[in-house]
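Participant: here's my sequence, what's the structure:
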Amino acid sequence: MRSRPRTGSEPRLSSPKPMTLAPMILAPLILAILMAAVGCDPGPEDPIRIGATMSETGAYATQGIPALNGYRLCVADVNEEGGLFGRPVELVSYDDESSSETAIVLYERLITEDRVDAVLGPYGSTLTEAVAPVTERHRQVMISPLAATTSIWEQGRRYLFMVLPPAELFLAGLIEMASDHGLERVAVLQEDALFPRAAGGGAAELAREKGMEVVLHETYPSGTEDFSPLLTRIQAEGAQVLAMSASALGDFVTVIRQMRDADVDVAMFGTSGAVAEFQEALGEMAEYAYGLSAWEPGLPNPGIDPFVEAYQETFGQDPSFHAAGAYGSCQLFMEAARRGGSLEAEALRSALLDLETQTVFGPFAVDERGYQTANQGVFIQWQDGEKVVVWPEEVATADARFPTPRWRDRE
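Facilitator: Numbering: from 1, shown residues only. Alright, predicted model coming up:
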């Protein structure tokens, strides 16, 4: 596997040719290498190189592509404002193909072969958990834009920082709304992967805390295509609420279609991730479905309007919360570097631990583990083909709608 890096601009396709060094130039060359080794400062034109992988292909591409675009846009904006420490910033990125094994190899390569000055995180909990041992071993601070599973931050790691709300809260809005509306019977489906298990477990635990009955709590294998046995059980148990967590967002689309085919009726169906591709794939079948969004363009976050406009102009579509999460994580890195006055790991770590701020993505503050304490996300519902925020109440733009029954009406 020899993936080539993406730098956000046209790649430079130069191939060094073998050369013979004459003795008269060998000594000055050795001197230059020795000077570099003892820490001569880079010149103002030398870029600060920040490395990352992102899932441009594979199961997580729906999330990974906009996240990479978020990184790219942030770097472009930083350079437009004069760079970092007066130096331009260059993004060196690889496609990890949604593979933990590939991501591990590539982060090792970024740090030891490409010798980047700093790193940013990949998409999701599974890949973050995979590469964290690499970045910890090399004492590289890594801000994770889109990992949310609590267990990742319970292993004594020093240099890993969380931006998303904790995974266990990803379906909390759905359970809160269901309880407020007097619904009592909850089913939970979760993909057999790190983040979905945490999100599904959090939903089941919260439902029980609220006195609701969890009539089904099932883990299904990644790659499942036929959910009909599980949906039959959900129908038989009389579930009023179906909470579903997955890393492969296509699973949500598949379940919706199979629910409709089987006439499975629930009052509320909610997912751990709300993206435009969901509604685009389903059309009117997406109506009334709920989803966690860690970010929406209408939230009162500083700089959100220019970010949305620039993203639309650059990439020809609206940004998802994955794009905003990556952009906000890049903002956090730049702010930590400025406050710490250095790219050195301990300076960055200290600045991030002390930092309480608002990015385009939302509020940021962490505890001594680097674990997010300020961000809770929002829940949206698809109404008339559009996403509207329905929870929490203080930022809601519409009331939740409750069709009865949900799947009976057909075209």
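Participant: now P47, nearest residue through space, not along the chain?
Facilitator: E90 (4.0 Å; C-beta to C-beta, 6 or more residues apart in numbering). Placement of C-beta: from N, CA and C, glycine included.
Participant: phi and psi next, for that neighbour.
Facilitator: Per-residue torsions, E90: phi -120, psi 130 (degrees, to the nearest 10).
Participant: how much space between it and D117?
Facilitator: Per C-beta to C-beta, to the nearest Å, E90 is found 9 Å from D117.
Participant: quick one: common contacting residues for the two?
Facilitator: 48-50 (C-beta atoms under 8 Å, 6 or more residues apart in numbering).
Participant: quick one: buried ones out of these?
Facilitator: With burial judged by 16 or more other C-beta atoms under 10 Å, the buried subset of the shared contacts of E90 and D117 is 48-50.
Participant: which regions of the stretch 1-150 of the chain sit below the pLDDT cut-off?
Facilitator: By pLDDT under 70, the low-scoring segments of the stretch 1-150 of the chain are 1-44.
Participant: hey, where'd the strands end up in it?
Facilitator: Counting by DSSP state E, counting those that start in this stretch, the stretch 1-150 of the chain has strands at residues 48-54, 89-95, 118-120, 142-144.
Participant: how about residues contacting the third one?
Facilitator: With C-beta under 8 Å, 6+ apart as the contact definition, strand 118-120 has outside contacts at 48-52, 71, 107, 110-111, 135, 140-143, 145, 326, 329-330, 333, 337, 343, 348.
Participant: hmm, E225 is touching V255, no?
Facilitator: No. Counting by C-beta atoms under 8 Å, E225 sits too far from V255 to count as a contact (10.7 Å).
Participant: who has more neighbours, those two?
Facilitator: V255 (24 against 8; other C-beta atoms under 10 Å).
Participant: mind checking how far the nearest residue to I111 once chain neighbours are set aside is from V131?
Facilitator: In space, and not counting its chain neighbours, I111 is closest to H138: 4.9 Å by C-beta to C-beta, 6+ apart. As defined by C-beta to C-beta, H138 lies at a distance of 11 Å from V131.
Participant: cool, and P196?
Facilitator: The value you get for P196 to V131, if C-beta to C-beta is used, is 19 Å.
Participant: hang on, the earlier thing: want to throw the strands of the stretch 1-150 of the chain into a markdown table with distance to V214?
Facilitator: As requested, those are arranged in a markdown table below (distance: least, C-beta to C-beta, whole Å):
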| stretch | distance to V214 |
| --- | --- |
| strand 48-54 | 35 |
| strand 89-95 | 39 |
| strand 118-120 | 37 |
| strand 142-144 | 30 |
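Participant: and for the residue nearest to P47, the neighbour number?
Facilitator: E90: 20 neighbours (other C-beta under 10 Å).
Participant: L343 now?
Facilitator: The number of residues near L343, taken as other C-beta under 10 Å, comes to 17.
Participant: from what I can see A274 touches I380, true?
Facilitator: Yes. The criterion here is C-beta under 8 Å, and A274 meets it with I380 at 4.9 Å.
Participant: which parts of stretch 316-328 are buried?
Facilitator: Applying 16+ other C-beta under 10 Å to stretch 316-328 flags 319-328 as buried.
Participant: so how far is that stretch from its chain's centroid?
Facilitator: 10 Å (C-alpha atoms, centre = their mean, to the nearest Å).
Participant: any idea how far Q372 lies from I143?
Facilitator: From Q372 to I143 the distance is 11 Å (C-beta to C-beta).
Participant: comparing these two, which residue is more hemmed in?
Facilitator: Ranked by neighbour count (other C-beta under 10 Å), Q372 and I143 place I143 first, with 27 against 23.
Participant: mind listing the strands for the stretch 251-400 of the chain?
Facilitator: Going by DSSP E, counting those that start in this stretch, the stretch 251-400 of the chain shows strands at 268-271, 290-293, 357-358, 363-364, 378-383, 386-391.
Participant: contact partners for the residue sitting nearest the centre point of the chain?
Facilitator: Nearest to the geometric centre of the chain sits L146, at 2.2 Å (C-alpha atoms, centre = their mean). Residues near L146 by C-beta under 8 Å, 6+ apart: 63, 67, 121, 123-124, 163-164, 322, 325-326.
Participant: swap in 10 Å and give it another go.
Facilitator: 54-55, 60, 63-64, 67, 70, 121-125, 127-128, 162-164, 195, 273, 294, 321-322, 325-326, 329 (C-beta atoms under 10 Å, 6 or more residues apart in numbering).
Participant: one step back: and the strands of the stretch 251-400 of the chain as a markdown table, adding distance to G202 and mean pLDDT?
Facilitator: Compiled in a markdown table, these are given as follows (distance: least, C-beta to C-beta, whole Å; pLDDT from 0 to 100):
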| stretch | distance to G202 | mean pLDDT |
| --- | --- | --- |
| strand 268-271 | 13 | 97 |
| strand 290-293 | 11 | 94 |
| strand 357-358 | 25 | 96 |
| strand 363-364 | 20 | 96 |
| strand 378-383 | 14 | 95 |
| strand 386-391 | 15 | 94 |
